[in-house]
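In: fold the stuff below for me.
(one chain, ligands or ions: 1)
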Amino acid sequence: MSNWYKAINQNTARILEQIKAHDFIKELMAGTLSKEIFNFYINQDAIYLSEYKKILAQIGVKCSDENDTQFFLNAATGIITVENALHQNFLNEKCIINEASVTCELYISYLSRMTHTKSLEEGLAAVLPCFTIYQQIGDYILANQTNKDNNPYQDWINTYGGEAFANSVKNAIEITNKYAIKSSPERIDKMNTAFEKASKLEWMFWDSAYNKESWKI
Ligand SMILES: Cc1ncc(C[n+]2csc(CCO)c2C)c(N)n1
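Out: Here you go, the predicted structure:
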């Protein structure tokens, strides 16, 4: 498998198109998304990120090349600084919910299971859509929006669109491709499944925020 990511990105293009077509993204790009929905999203994202950084650290610990370890530990630390600042800008202190939504719980639990009980390669494939989908969505919005000067969500959009973030995504892709080259076809199948599932969970995360998902009981 010479370029695993290129192949799986093409094979999951349908999911990315569905994310672009989701009302959450359309309204975020137009700047018309309700503050209540965005707040719900940022709140759940803060819960997601506090677990995701531990997952990245765990992936880093499992890597055999120390540069790869350093990359994932840096990415984990980056979450603490950059994303916490973003959340502080947007989160309204008064309405913070501490409970993870069903989808947030599912996504975190899935990633945790993949990193703790499966191979490093599957773990890498599972955490990658978090990087690549946000970059693709950030770039897509930046390239297609006409309201950069008056979109209330511009800070969020700028965090994920553009070059600084693209470099980090490129690194994550290169590391995962490097491990994929050495993997058996059976393991590649499992990596594909993990990448596809995590990509669907990215769609579900936005969808659950748009619907302000609550526990049924
Ligand atoms: C549900 C959800 N998925 C992905 C991201 C984006 N993201 C979070 S951590 C990280 C890597 C280091 O910056 C990236 C790209 C998010 N915020 N929320």
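
In: could I get the CA-only coordinates of the lowest-mean-pLDDT helix or strand in the chain as CSV?
Out: Lowest on mean pLDDT, DSSP states H and E among the helices and strands of the chain sits helix 84-90, with a mean of 74. Only the C-alpha atoms of helix 84-90 are listed here, as CSV (Å, rounded to 0.1, in the frame of the first residue of the first chain):
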residue,chain,number,x,y,z
ASN,A,84,-8.9,25.7,25.0
ALA,A,85,-8.5,29.3,24.0
LEU,A,86,-11.1,28.8,21.2
HIS,A,87,-13.5,27.3,23.6
GLN,A,88,-13.0,30.1,26.1
ASN,A,89,-13.9,32.6,23.4
PHE,A,90,-17.1,30.9,22.5
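
In: quick one: list the elements packing against the helix or strand following that helix.
Out: With elements assigned by DSSP states H and E, the helix or strand that comes after helix 84-90 is helix 102-117. Contact analysis of helix 102-117 by 3 or more C-beta pairs under 8 Å, 6 or more residues apart in numbering; DSSP states H and E lists helix 35-62, helix 120-144, helix 185-210 as its packing neighbours. Where C-beta positions appear, they are placed from N, C-alpha and C, glycine not excepted.

In: how much space between the spatially most central residue of the chain and the ligand?
Out: The residue lying closest to the centre of the chain (C-alpha atoms, centre = their mean) is Cys130, at 2.1 Å. Going from Cys130 to the ligand by C-beta to the nearest ligand atom, to the nearest Å gives 4 Å.
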